[in-house]
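S.K.: For reference, the sequence and a predicted model appear below.
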8 protein chains.
Amino acid sequence: MSKPYIRLDKNNAAVLLVDHQAGLLSLVRDMDPDRFKNNVLALADLSKYFNLPTILTTSFETGPNGPLVPELKEIFPDAPYIARPGQINAWDNNEFLDAVKATGKKQLIIAGVVTEVCVAFPTLSALEEGYEVFVVTDASGTFNEMTRNSAWERMSNAGAQLMTWFGVACELHRDWRNDIEGLGALFSNHIPDYRNLITSYTALTK
Amino acid sequence: MSKPYIRLDKNNAAVLLVDHQAGLLSLVRDMDPDRFKNNVLALADLSKYFNLPTILTTSFETGPNGPLVPELKEIFPDAPYIARPGQINAWDNNEFLDAVKATGKKQLIIAGVVTEVCVAFPTLSALEEGYEVFVVTDASGTFNEMTRNSAWERMSNAGAQLMTWFGVACELHRDWRNDIEGLGALFSNHIPDYRNLITSYTALTK
Amino acid sequence: MSKPYIRLDKNNAAVLLVDHQAGLLSLVRDMDPDRFKNNVLALADLSKYFNLPTILTTSFETGPNGPLVPELKEIFPDAPYIARPGQINAWDNNEFLDAVKATGKKQLIIAGVVTEVCVAFPTLSALEEGYEVFVVTDASGTFNEMTRNSAWERMSNAGAQLMTWFGVACELHRDWRNDIEGLGALFSNHIPDYRNLITSYTALTK
Amino acid sequence: MSKPYIRLDKNNAAVLLVDHQAGLLSLVRDMDPDRFKNNVLALADLSKYFNLPTILTTSFETGPNGPLVPELKEIFPDAPYIARPGQINAWDNNEFLDAVKATGKKQLIIAGVVTEVCVAFPTLSALEEGYEVFVVTDASGTFNEMTRNSAWERMSNAGAQLMTWFGVACELHRDWRNDIEGLGALFSNHIPDYRNLITSYTALTK
Amino acid sequence: MSKPYIRLDKNNAAVLLVDHQAGLLSLVRDMDPDRFKNNVLALADLSKYFNLPTILTTSFETGPNGPLVPELKEIFPDAPYIARPGQINAWDNNEFLDAVKATGKKQLIIAGVVTEVCVAFPTLSALEEGYEVFVVTDASGTFNEMTRNSAWERMSNAGAQLMTWFGVACELHRDWRNDIEGLGALFSNHIPDYRNLITSYTALTK
Amino acid sequence: MSKPYIRLDKNNAAVLLVDHQAGLLSLVRDMDPDRFKNNVLALADLSKYFNLPTILTTSFETGPNGPLVPELKEIFPDAPYIARPGQINAWDNNEFLDAVKATGKKQLIIAGVVTEVCVAFPTLSALEEGYEVFVVTDASGTFNEMTRNSAWERMSNAGAQLMTWFGVACELHRDWRNDIEGLGALFSNHIPDYRNLITSYTALTK
Amino acid sequence: MSKPYIRLDKNNAAVLLVDHQAGLLSLVRDMDPDRFKNNVLALADLSKYFNLPTILTTSFETGPNGPLVPELKEIFPDAPYIARPGQINAWDNNEFLDAVKATGKKQLIIAGVVTEVCVAFPTLSALEEGYEVFVVTDASGTFNEMTRNSAWERMSNAGAQLMTWFGVACELHRDWRNDIEGLGALFSNHIPDYRNLITSYTALTK
Amino acid sequence: MSKPYIRLDKNNAAVLLVDHQAGLLSLVRDMDPDRFKNNVLALADLSKYFNLPTILTTSFETGPNGPLVPELKEIFPDAPYIARPGQINAWDNNEFLDAVKATGKKQLIIAGVVTEVCVAFPTLSALEEGYEVFVVTDASGTFNEMTRNSAWERMSNAGAQLMTWFGVACELHRDWRNDIEGLGALFSNHIPDYRNLITSYTALTK
């Protein structure tokens, strides 16, 4: 009754960042804003670091939902960027779907706002089409913990794997020796406790 | 090992509102009362908005459980309204069951008080009969979080999908272009943060 | 893909109360003591009310674990009472096992202290032997929420259904008309909010 | 539809302690440090008590991650100790894998820091190879509860059983009569409430 | 700069129970209902035990606020009972004020529902007239913790002393030897943990 | 050592609503948005109900802070409305100060966003000038509980009294008989539990 | 309006440990038991380290309250030890009072179980007699946070200073150079995070 | 009985940053690390922005406590920097005291790690010498909330004012018109929600 380990593979994974828009972020209340901002940027940085194909999408960005947060646009200036005209589920947008297929990857790492809609809907659609889906829970936000827990349960029951950005980075990297300094810098920039460890270590060994 | 996405379809869904009675509401302590009231009315409003067949039912409304909250009666003046004479599980009441069948829908969106009884029992009965059941967790309330978590686990294990009213609205609507103003009004009326986004947006663009 | 509703049946259920001992209760810290005491007594009262065969068991009651709480002994003076000489899993004790079998029931309602041991172990054993097991989560206690959550996950994954005493009572009773006053008294004695509803109702209708 | 009880067997179990390093411990914030320290030492003591083969491993212990906490080294002076040169998943390290296989056990009891990486990755690998895996949740730590919950869900869905050190000890021991004083001492040393019960009991019966 | 210890004196204290009414109790959400009910009854029992003059009062008991909870009426059948016709601050009611004065006591122990109104208002009035006021915080309830904290701050700044029923009982009793069994019974009836201590102690020493 | 009761007097009180602006409200995270919105509107409604002079003010409402929430403007169409050109402390704005003085009242009831700035600064200024200040804590919001607690401590130490809207309404009204239906309507509109009491009461007595 | 700094002085301070008894400890639920045990032992160790006169006292230790926890007796074998025959407030016991006076100190460092009685009562008595009192909040425990907060407010208002064992140690020590290793050992034994810092530091500098 | 408003004045204030060291930061567990890091840097940035004299100090920075976090050194390359050789209370260090006096300011804004020692001790010393002290609570961290609350109570009772970095910035700035863009940039860099407001505003008005 052994169970296969569906493991992230940096050669077979793409990242979907869904609706991290300045207006919608005011709806996110299941995490402290300082932590949430850091998590989203950490996910973006790791995607960049591992050279994963990354797709940006927004919903009604000229209305109250507001524009994509500028940092993401800056980190991924050349990424496919689909400003959806109305589809709530990004998977219902053909341009988005084509961008996903164009990556040629079978593993999708997804995060967005809000969790139970912008993340859950494309997750369920992708699972239906046979993708392996990894939800980055701490780079996805929503109204409150009750909503989050409902959404996690729905996605997990459908076969999505729940991870956090740190776990994603570690599973993609596999071995520190692939690049100690690169991974160390990623952690130092986004984990204050780890940065402190490095600071103390460096002071004593320089 | 792909998994079908069991997705809400506004042409195939009905709403069951079970035992939102003035007395029973005093038992609900797993949510702030202001938030709970808002969630229940939001679910009612979305049901109205999408023209979903809606069924109201109560348990012993002439006794300590108290009458249905008047807002629901007002929103659905013509809905089937089954004041159950004693059955705790609404599904055990033939009149209720007939009303469900009369809708001709295979998807049931359900909420009620209290979660582990008035919601869970008909949910489990409906699943047994092959319905697709969507529990609106944030429009359902109970004694405390421990009770809620037990009930969620039981229903989810039996195949129910846990959602919240916002996710239900978005999955039913599919595309903002179907009616931007209608959906926007629904959100503005029941999500203070979204209302604020609209207020600011309107002030700057009028 | 419909799923059978495994539903409590008052003619086919027995109750197992495992190790509610005066010493062990000092270990229970995942619930307020006033609430926990009330839940345990509520479960005992409902078992009595529905005339369910009930089995009491203790572990090392002459040592630090302490004696069974006297209230349970008083409520069930004639119930099988197995003071286990050493087996941690009550199911490993033949006398206990015989008592369970002697009830002739296939549904077991179980609660105890501590959740991850005294409840989880016999639950897993009973599931293996084909019993339907209903864990009364709020009449079972343990060290902290982390421990509780681990235990719930293990039992739920193995097929146990998580319920609370109120849900158990309602699922056994089925219809208020079977005995309005009896069920009302049970609720009035163990749910302060419900008692208040009855008090107000009575004052206005007497 | 009965389900086999996959039960810990002291003759068939080994313990894996992964990356309990002085630096990494500063990342653990989902538990109070006093409690976490006690849980880790309790797991180590029970492993010693039951003579379970135990394997220690660390990640980059000469860098910021820091050395293994000295207590573990002292408790297991002769245990296999694999200082991994870079593999993040201990299972990817052949020396570690050989040590696991050399135990000849099919049940693996695992704990470590941080939960979603150092525990989850080898857990998923071991499950894939047919081991029965028991995660000691309270001797494993990570950044916050959100991360922990994601990791638990992923491991549990893959077939790991979530337990705590107390449950592990009880399931391994089976019967108090195997050694009352040994188990009592283990509990007295790591459960203040149990120690108090023994203190009071001893005072009254000496 | 020493400060006098304003200490409860059983010969100089009276108890005021304000608006513990069946309807108003549904507003109390800053405490678990099982715990709150127990605290109110514990305060009533200690008042009886120490023979303190006790005054009952209600607000609009024939309206939605509902009747006094019956237990209090039963414990104090002969106490002054002032059903206020409209005054929100009980101190504004002359009959109540006369009853307070008639006790001839200078120390007032007060509890009620809701804290920031029914307790705070008479507390502030009594302090103004030179009474020593002891607020029984855990036998007083209100909407949420935020409200409670505001009310505590207001009363404490005005000179009220915040206590809980257990502290009140201990300060009134002074010395166990005044009546070991009476005080022990009070604690056993209202503190489950203490009851367990007595149960274990009795089992070992009988 | 008796202490005067500084009591709200409806003939001597004015209300200051400071910076409840659509943009700034997205900063408020120490309260659930549904509850906070309700509290602010409840305060506005009670101010209207008691005919208290009310002053509205905003900070930079044409910039990111956004416009005053429209409901407040609607409730007080004729109130002094001071759109401050830059002063962070409203008290530093002469127009605002004049409006306060023009009320001729010595008691100021104040609420706003965010608590430690827009509420605390004018509170401290008003106290310095001899006003009696009543902070409506639950109609004031800020970043998190830590910030709130710091602000409360600062204001309370300076002599401000912390209240909530419900306490304010009760202290102003003094006696239900002044207008039972008016006060009842206020409570029914803003306290779901109270509304339920009235609904049940009405059903039984009509 | 400068305020004198009432500062702990190791030459002028005594420690009072009140009722840390095996039975009473089961009542302590405002702190995790692992943390609480550590705090009490840390306070004992610091008292020993600074050679402060220390007084032990118990209440009814031959009854359900149980014996003093053995560790304290072992750390202070020669300390005055007053087993009070009945006085609830230790200050009411002449033997205890004489022991306090015999120390000749004017600063009292106090901790005990439960906070609102065994700590608060002698604290208020000592303040009345002109002692400077320092309550060690984290080595004192009680039923729940509500009770604790009430007790803190009462003691703080009466002039007691609230500290924790770590603050006490630091204020007594004044300068690390008085004994780096002694203070470091105290912290290493009772603060896991500090122990980890030392472990990492030592590994890199040895 | 009016009370003077002791208000921060940018011409009369200095900032003290005490012991924000890489090792000590691992002790801080009363705030999320992402939030705490942001708060400390926000305080540093505002100090820079307002050109306040700023003093840095550390305790044993070559030992386990670790070096000052590099960001602070970078922001204040020319600030007085006192590496204390042993004094726990920075105020006991003459070099530090001289640096404070050399600023010529009477208002001290202080933050540090850990709150009850490195912040509280110099705060109490400074108050004794007549300084006005403003504790930046959210840029100060410690072991847990219980410790924090004790420390706040001690400092507040001694006359310190509790503020947060945002309140400090606003009270120093007084009027947005003094420099809209500078203050806006400070907020945008350290308050994600405010940044989002600016992003949306800019998108609509550019």
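M.R.: The structure has been received and is ready for your questions.

S.K.: got a list of contacts for the host helix or strand of residue A:14?
M.R.: In the assignment (DSSP states H and E), residue A:14 maps to strand A:13-18. If you take C-beta atoms under 8 Å, 6 or more residues apart in numbering or on different chains as the criterion, strand A:13-18 is touched by A:40, A:43-44, A:47, A:50, A:52-57, A:72, A:90, A:100, A:103, A:105, A:107-113, A:118-119, A:122, A:134, A:172. To be clear about C-beta, it is placed using only N, CA and C from the backbone, and glycine gets the same treatment.

S.K.: Filter these down to the ones in strands?
M.R.: A:54, A:55, A:56, A:57, A:107, A:108, A:109, A:110, A:111, A:112, A:134 (DSSP state E).

S.K.: Just the buried ones out of the contacts of strand A:13-18, please.
M.R.: A:40, A:43-44, A:47, A:50, A:52-57, A:72, A:90, A:100, A:103, A:105, A:107-113, A:118-119, A:122, A:134, A:172 (16 or more other C-beta atoms under 10 Å in any protein chain shown).

S.K.: Pull out the buried positions in the longest helix along chain A.
M.R.: As assigned by DSSP state H, the longest helix anywhere in chain A is helix A:33-49. Buried residues in helix A:33-49, counting neighbours by 16+ other C-beta under 10 Å, are found at A:33-47, A:49.

S.K.: Just the CA atoms of it, as PDB, please.
M.R.: Output in PDB follows, covering the C-alpha atoms of helix A:33-49 (Å, rounded to 0.1, in the frame of the first residue of the first chain):
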ATOM      1  CA  PRO A  33       0.400  41.900   6.300                       C
ATOM      2  CA  ASP A  34       4.100  42.100   6.900                       C
ATOM      3  CA  ARG A  35       4.300  38.300   6.800                       C
ATOM      4  CA  PHE A  36       2.100  38.000   3.800                       C
ATOM      5  CA  LYS A  37       4.000  40.500   1.800                       C
ATOM      6  CA  ASN A  38       7.300  38.800   2.700                       C
ATOM      7  CA  ASN A  39       5.900  35.400   1.700                       C
ATOM      8  CA  VAL A  40       4.700  36.600  -1.700                       C
ATOM      9  CA  LEU A  41       8.000  38.200  -2.500                       C
ATOM     10  CA  ALA A  42       9.800  35.100  -1.300                       C
ATOM     11  CA  LEU A  43       7.800  32.900  -3.700                       C
ATOM     12  CA  ALA A  44       8.600  35.400  -6.500                       C
ATOM     13  CA  ASP A  45      12.300  35.400  -5.700                       C
ATOM     14  CA  LEU A  46      12.500  31.600  -5.500                       C
ATOM     15  CA  SER A  47      10.700  31.300  -8.800                       C
ATOM     16  CA  LYS A  48      13.300  33.700 -10.300                       C
ATOM     17  CA  TYR A  49      16.100  31.900  -8.600                       C
END
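
S.K.: Quick check, residue A:31 in contact with residue A:141.
M.R.: Yes. Proximity of residue A:31 to residue A:141 meets the contact threshold set by C-beta atoms under 8 Å, at 5.6 Å.

S.K.: which one of these two has more residues nearby?
M.R.: A direct count of neighbours by other C-beta atoms under 10 Å in any protein chain shown for residue A:31 and residue A:141 places residue A:141 higher, at 29 against 23.

S.K.: re earlier: show me what the longest helix of chain A is packed up against.
M.R.: Applying 3 or more C-beta pairs under 8 Å, 6 or more residues apart in numbering or on different chains; DSSP states H and E, one finds that helix A:33-49 contacts strand A:13-18, strand A:54-59, helix A:70-75, strand A:107-112, helix A:165-173, helix A:180-190, helix H:33-49, helix H:192-205.

S.K.: Other residues contacting the longest one?
M.R.: Just to be clear, that refers to helix H:33-49. Under C-beta under 8 Å, 6+ apart, the answer for helix H:33-49 is A:32, A:34-35, A:38, A:191-193, D:29, H:15, H:17, H:20, H:25, H:28, H:31, H:54, H:69, H:71-72, H:75-76, H:109, H:111, H:136, H:138-139, H:141, H:164-166, H:168-169, H:172, H:182-183, H:186, H:189-190.

S.K.: what's around residue A:30, how many residues?
M.R.: Residue A:30: 21 neighbours (other C-beta under 10 Å).
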